[in-house]
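In: Here is my input; please provide its structure:
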Amino acid sequence: MGYLFISVLVNSNSELIRLINNAIKNDLSSRNPTFMCLALHCIANVGSREMAEAFASEIPRILVAGDTMDSVKQSAALCLLRLYKTSPDLVLMGEWTSRVVHLLNDQHMGVVTAAISLITCLSQKNPDEFKTCVSLAVSRLSRIVSSASTDLQDYTYYFVPAPWLSCKLLRLLQCYPPPEDGAVKGRLVECLETILNKAQEPPKSKKVQHSNAKNAILFEAISLIIHYDSEPNLLVRACNQLGQFLQHRETNLRYLALESMCTLASSEFSHEAVKTHIETVINALKTERDVSVRQRAADLLYAMCDRSNAKQIVAEMLSYLETADYSIREEMVLKVAILAEKYAVDYSWYVDTILNLIRIAGDYVSEEVWYRVIQIVINRDDVQGYAAKTVFEALQAPACHENMVKVGGYILGEFGNLIAGDPRSSPLVQFNLLHSKFHLCSVPTRALLLSAYIKFINLFPETKTTIQEVLRCDSQIRNSDVELQQRAVEYLKLSSIASTDVLATVLEEMPPFPERESSILAKLKKKKGPGAVSVTELEDSKREGGELNGGGDRGPDTAAMAASNAAGPATSSASVNDDGFLRDLEQPTETSDSLLVEGSGDLDSAPPSEDPAPPLSEADELLDKFVCKNNGVLFENQLLQIGIKSEYRQNLGRMYLFYGNKTSVQFASFTTSVSCPGELQPQLNVQTKPVEPLVEGGAQIQQVLNIECLTDFSDAPLLNIKFRYGGALQNLTLKLPVTINKFFQPTEMTSHDFFQRWKQLSQPQQEAQKIFKASLSMDTEVLKAKVHLLTHVLGAVFS
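Out: Numbers count the residues shown, from 1 in each chain. Below you'll find the predicted structure:
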């Protein structure tokens, strides 16, 4: 009862701990197995650093002592594991290492099971120190696999000998490469073949526990086969075994089979075997009821894709996109875009695929995707005319996504002359088609279209008068948006005073982009989540034909034509000739600072370990300015600028954070974390993407946050940023501008419907009232003046 009281009620920081430690020491030295087990259980339950300091050197001695009872050894192994997880720096095995490893040969299966948990954890941190465990683990596994269910009666679970120990042994072996000793390796291969053979045998019991135990061992064995990736025969057999599970009635088995086959698809030995199951996987993508299984099916299609089946897989993924779950659409779009680019048989197919992608899932086509198609079209002369014709036809649809308008504006502005000979796509028809979309677009897209218009004046002088009238109208040169107003004024002036030669020089065609890694692939790598297959592995194993010609990626930095960039209204028109058209495609920000541009990082820095700092004193003030807007600069000091762009739909939101290094010195160990304090935890779900740990001087990195509102909330999530600048740790915490009003959705209804609903709100629980004091004093005269002014404004509007 005393130990139970301590374990449940005594805090690890209590002053009683020292007295308790003395009592525990007495029990550990008592040699009474019951007292020793109780003491070890208490140490593990409390698990404080003070207890680790007191007993970390004593417990290994008890664990390996020859006269220690088996039950005490089990408790000692698990107690040591607990202390190692909480205070790894205090649990030093040293001289006990070899004796702990040899516990794998212990006669008692319970001791082996407990010891292997400890050894696996230690091996993950210090593999070289414990590498002698491999041969012992193989030997123990061989004895279990070759035994009958009657040989280990006390540890046989529904006719499966020691399933938990078998799984742990296989998991331990995954910490190491294949054994170098030929005899050990041969014995291990025999074990794996035996496990695969037993999976084909008729079940010895119809109970689900029997099949669960068998399948647990089988999947761990397949994971080990994949980890080694050195036995072609075993890899193909594993693939065939997983293929049988693809149509199993158990959803979990189908999920695990798809997940494992994703990794098998990256092996040169089993890729062809995986491809034989393409029809089954496509059927799973279409018919599975569980969204997680459908997502794994999409991952597997992406992994098994090559030049022989690219068109079929891309077509199936496009077809599925029309009904795909919202949670996986963006990742599906990225995968389709990558496959279409990597395995394009001809460039016209690639253009058709991307435009179809925008048509089907335009909301989920990120800027990287349509940047990429523009870059490839610019770099390939043979596809420019086809792209202009295809995008012109796409823009004729009554409902056209804004991303399609962006692509159309850019391509027609650069290559509209290639289709101008057809009366159906004459210069004036092209202009009227683009301008018909102008008033339906956002400000950045309008800015891009204005740039396309000035390009038209250079390509088609006959459109000059019409376009100048558009630029001259009040809605442009007196536009409330400074960027649009400035473009209209500068482009109008440029078209009026510049000679034909000067205009042709300033508005010349974009040069080809340099060869670089596709930013789409980089974005997909960042989106990899728990359980997902490593995109790096898949790409490294599928380097068949490389990128399409023109794989450059200048993204938002390559603006053409814009006399002023969307993030900096004060830019002079003198920069027109040095910029590229794609500056119009920048992420919209509300700052004139040019820090928010694409950056890169290195993955070798260690993150700072200091606790997060408390929120800044001005955190609430910074938060308030985002209540009614979604884009802008969240924070800025002499070192760092944080920009923000967010969008919300129903109870879901997505936020883009841009971290800009304002100095010329590299930020090292750059880490961010988002937390939901207190009551906010069950109210808001925030998922973050990792950031690059190095931020070069003058560079910027982006982070994506997915937000789900579970119920109403009042607090804001906290964003903690840590990095090292000149060796000094910088640690700051801000409040993220996520407020309940972001998730509100407007509803349109007639006045009759509104009052009918209003009258139905008669229950006591449907009414709430709260009276609170204003934080600032109220000036009644000022209030009267504002109300008076508002009355006049409303009167003028409705008169």
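
In: which residues of the stretch 201-350 of the chain fall in helices?
Out: Here the stretch 201-350 of the chain has its helices, by DSSP state H, counting those that start in this stretch, at 208-228, 232-245, 251-264, 271-275, 278-287, 291-304, 310-321, 326-342, 347-361.

In: mind listing what's buried in the second one?
Out: Neighbour counts using 16 or more other C-beta atoms under 10 Å place L234, L235, V236, R237, A238, C239, Q241, L242, G243, F245 of helix 232-245 among the buried residues. C-betas here are computed from N, CA, C, even on glycine.

In: Also stretch 423-430?
Out: Going by neighbour count (16+ other C-beta under 10 Å), the buried part of stretch 423-430 is S425, S426, P427, V429, Q430.

In: Just give me how far the helix or strand hosting the last one sits from the chain centre.
Out: Assignment of secondary structure by DSSP states H and E places Q430 within helix 427-438. Mean-position distance between helix 427-438 and its chain equals 38 Å (C-alpha atoms, centre = their mean, to the nearest Å).

In: Need the residues that contact that helix.
Out: Residues outside helix 427-438 that contact it (C-beta atoms under 8 Å, 6 or more residues apart in numbering) are 392, 395-396, 400, 405, 408-409, 412, 416, 419-420, 446, 449, 452-453, 456, 459-460, 462-463, 466-467, 470.

In: And stretch 53-72, how far out from the chain middle?
Out: 44 Å.

In: repeat for stretch 386-406
Out: Counting by C-alpha atoms, centre = their mean, stretch 386-406 comes out at 30 Å from the chain centroid.

In: Please shift the residue numbers so they start at 386 in all later answers.
Out: OK, 386 is where the count begins now, so the last one is stretch 771-791.

In: okay, how far is it across it, tip to tip?
Out: End-to-end distance of stretch 771-791 (C-alpha to C-alpha, to the nearest Å): 17 Å.

In: picking up where we left off before, among the buried residues of stretch 808-815, which one sits closest to Q1130?
Out: Nearest to Q1130 among those, counting by C-beta to C-beta, is Q815 at 37.2 Å.

In: pLDDT score for the closest one?
Out: The per-residue pLDDT reported for Q815 equals 93.

In: swap in Q632?
Out: For Q632, the predicted pLDDT is 87.

In: isn't I698 right next to K727, touching?
Out: No: the criterion here is C-beta atoms under 8 Å, and I698 misses it with K727 at 11.5 Å.

In: tally of neighbours for E847?
Out: By other C-beta atoms under 10 Å, the residues close to E847 number 12.

In: Then the one 10 residues further on?
Out: For R857, the number of neighbouring residues by other C-beta under 10 Å comes to 13.

In: and A998, which of the helices of the stretch 586-735 of the chain is closest to it?
Out: The minimum distance between A998 and the helices of the stretch 586-735 of the chain falls on helix 711-727, with 32.5 Å, by C-beta to C-beta.

In: tell me the angle of the closest one relative to helix 676-689?
Out: Interaxial angle of helix 711-727 relative to helix 676-689 (axes from the mean of the first three to the mean of the last three C-alpha atoms, to 10 degrees): 10 degrees.

In: Check the offset of helix 711-727 from the chain's centre.
Out: Averaging C-alpha positions (C-alpha atoms, centre = their mean) puts helix 711-727 13 Å from its chain's average.

In: Show me what it is packed against.
Out: Contacts defined by 3 or more C-beta pairs under 8 Å, 6 or more residues apart in numbering; DSSP states H and E place helix 711-727 against helix 676-689, helix 695-706, helix 732-746, helix 752-764, helix 904-911.

In: same question for it, mean pLDDT?
Out: 87.

In: relative orientation of that helix and helix 732-746 in degrees?
Out: Helix 711-727 and helix 732-746 meet at an angle of 170 degrees, taking the same axes, to 10 degrees as the criterion.

In: ok, and for helix 711-727, which residues are buried?
Out: For helix 711-727, by 16+ other C-beta under 10 Å, it's 713-727.

In: what's the angle from that helix to helix 752-764?
Out: Using the same axes, to 10 degrees: helix 711-727 against helix 752-764 is 20 degrees.

In: just the CA coordinates of helix 711-727, formatted as PDB?
Out: Presented in PDB, the C-alpha positions along helix 711-727 are these (Å, rounded to 0.1, in the frame of the first residue of the first chain):
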ATOM      1  CA  TYR A 711     -10.500  17.400 -49.300                       C
ATOM      2  CA  SER A 712      -7.700  16.300 -46.900                       C
ATOM      3  CA  ILE A 713      -5.700  14.600 -49.600                       C
ATOM      4  CA  ARG A 714      -6.400  16.700 -52.700                       C
ATOM      5  CA  GLU A 715      -3.400  19.000 -52.400                       C
ATOM      6  CA  GLU A 716      -1.000  16.100 -52.100                       C
ATOM      7  CA  MET A 717      -2.700  14.300 -55.000                       C
ATOM      8  CA  VAL A 718      -2.400  17.400 -57.200                       C
ATOM      9  CA  LEU A 719       1.400  17.600 -56.400                       C
ATOM     10  CA  LYS A 720       1.800  13.900 -57.300                       C
ATOM     11  CA  VAL A 721       0.000  14.200 -60.600                       C
ATOM     12  CA  ALA A 722       2.000  17.300 -61.500                       C
ATOM     13  CA  ILE A 723       5.300  15.500 -60.700                       C
ATOM     14  CA  LEU A 724       4.400  12.300 -62.600                       C
ATOM     15  CA  ALA A 725       3.100  14.300 -65.600                       C
ATOM     16  CA  GLU A 726       6.400  16.200 -65.800                       C
ATOM     17  CA  LYS A 727       8.800  13.300 -65.100                       C
END
